[in-house]
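> give me the fold of what follows.
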Amino acid sequence: MYHQLTTRERYLIVEHKSTGMSLREIAKALCRSASTISRELKRNADKSDGRYRVEKADSYARARRRRSRRGSRFKPEERVQVHRLLGRRWSPEQISGRLRKEAGLRIGTSTIYRWLARDKALGGTSWLRTRQLAHRYRKGYRVKDLRGRMSGKRPLSERPEAATDRSEVGHLEGDTVMGRDGRHCVLTLVDRKTRKVRILKLQARQAAQVNKALIREAGAGRLEMKSLTLDNGTEFHGFRELEAKLGIRVYFAQPYHSWERGTNENTNGLIRQYLPKGSCFKELTQRRCNEIERELNNRPRKILGFSTPNEAHAAECCT
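As a prediction, this is how the structure comes out:
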């Protein structure tokens, strides 16, 4: 088991170092590893001039230990706040950033993770609400591309600058998330600038269903679309009808280059918190999709300065 260096050992480090002993020789004299001595000299050197002094090294080490024990001083009212927000599927980072922004509470991300780890060790279930601690990795397999080919599709290189640099709202990324039966699915649309998402239940993964839903939503004023970036699936093969009826341009990422639609891929991962892989979408309703959408649009994002997508969208509409 590792033990912290003592004040006496620090004095010996200074003494041996002054005689010209190497790190390995100092480590051997103190029965410590060379990496321990090296780390000590780097971490606890005086910040003002880089020299190693025992008093400063002791002070830095004590301060670091105090910070590491902060989790034990997690106030009950703070724990209630954190537990409530975990129930809304917020990540520890989102909780920490939002509470600091909104209420001035300084609860570190690492403090929340330590609390969750203790909760897990004691048989609690709060940790299950976090993607990072509960996520089970699946091995991916390359499959034959059965999606067909589209002619005349526009590459991302032709996308307008405002869509590429996320300087205005209305440039969306779209994709489908499948249910277990491979038929029922949801269509997800995310604004590249504000990260606001719209989730639409489809009865089938077909181009006619996708186009019908998009034209309906745009006609009802529930979608602001200036451009649309899509996956290469066959459900998007009717893009020419969308361009003609909605007056927009549709762009496509390269096949198997999901990172080119990173905003949408990340959002789909969040949606999977509510609709896990292997779940059946047959009984999924649009009302439930709206509930999931509402939760995601009211969840703070680090990339938005811990504002929510709804707040970011409202700010854009008011300027």
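> pLDDT of stretch 122-142, averaged?
Summarised as a single mean, pLDDT over stretch 122-142 is 58.
> could you check how far the residue most central in space within the chain is from D49?
Centroid-nearest residue in the chain: N266, 7.1 Å away (criterion: C-alpha atoms, centre = their mean). According to C-beta to C-beta, to the nearest Å, N266 stands 44 Å off from D49. Where you see a C-beta, it was placed from the backbone N, CA and C, and this is true even at glycine.
> thinking again about what came up before, for the residue nearest to the centre of the chain, give its distance to G108.
From N266 to G108 the distance is 24 Å (C-beta to C-beta).
> not counting residues beside it along the chain, what's closest to A253?
Nearest residue to A253, sequence neighbours excluded (C-beta to C-beta, 6 or more residues apart in numbering): E260, at 3.8 Å.
> go ahead and confirm that neighbour touches Q254.
Yes. E260 lies in contact with Q254 (C-beta atoms under 8 Å); the separation is 6.5 Å.
> those two: which is more packed in?
E260 (17 against 11; other C-beta atoms under 10 Å).
> give me phi/psi at that one?
Note on E260: backbone dihedrals following degrees, to the nearest 10 are phi -70, psi -10.
> D231 versus that one, what's the distance?
According to C-beta to C-beta, E260 stands 10 Å off from D231.
> could you tell me which residues touch both of the two?
By C-beta atoms under 8 Å, 6 or more residues apart in numbering, E260 and D231 have these common neighbours: A253.
> show me where pLDDT drops low in the stretch 101-250 of the chain?
128-129, 131-150 (pLDDT under 70).
> rerun at 90
102-153, 181-183, 220-224, 231-233 (pLDDT under 90).
> can you pull out the helices in it?
Along the stretch 101-250 of the chain, counting by DSSP state H, counting those that start in this stretch, helices occupy 109-121, 131-134, 161-164, 207-219, 239-246.
> put together a markdown table for the ones you listed, with mean neighbour count and distance to R39 on each row.
Below are these laid out as a markdown table (neighbours: other C-beta atoms under 10 Å; distance: least, C-beta to C-beta, whole Å):
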| stretch | mean neighbour count | distance to R39 |
| --- | --- | --- |
| helix 109-121 | 17 | 19 |
| helix 131-134 | 13 | 27 |
| helix 161-164 | 15 | 43 |
| helix 207-219 | 18 | 56 |
| helix 239-246 | 16 | 56 |
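> same list, the ones you listed, but as a markdown table with distance to H184 please.
Formatted as a markdown table, the helices of the stretch 101-250 of the chain follow (distance: least, C-beta to C-beta, whole Å):
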| stretch | distance to H184 |
| --- | --- |
| helix 109-121 | 34 |
| helix 131-134 | 24 |
| helix 161-164 | 30 |
| helix 207-219 | 10 |
| helix 239-246 | 22 |
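> stretch 218-235: end-to-end distance?
Distance across stretch 218-235, first residue to last, is 18 Å (C-alpha to C-alpha, to the nearest Å).
> how far does that stretch sit from its chain's centre?
Averaging C-alpha positions (C-alpha atoms, centre = their mean, to the nearest Å) puts stretch 218-235 24 Å from its chain's average.
> do the same with stretch 152-170
With C-alpha atoms, centre = their mean, you get 23 Å for stretch 152-170.
> now that stretch: buried residues?
Of all the residues in stretch 152-170, those buried under the rule 16 or more other C-beta atoms under 10 Å are R159, A162, A163, V169, G170.
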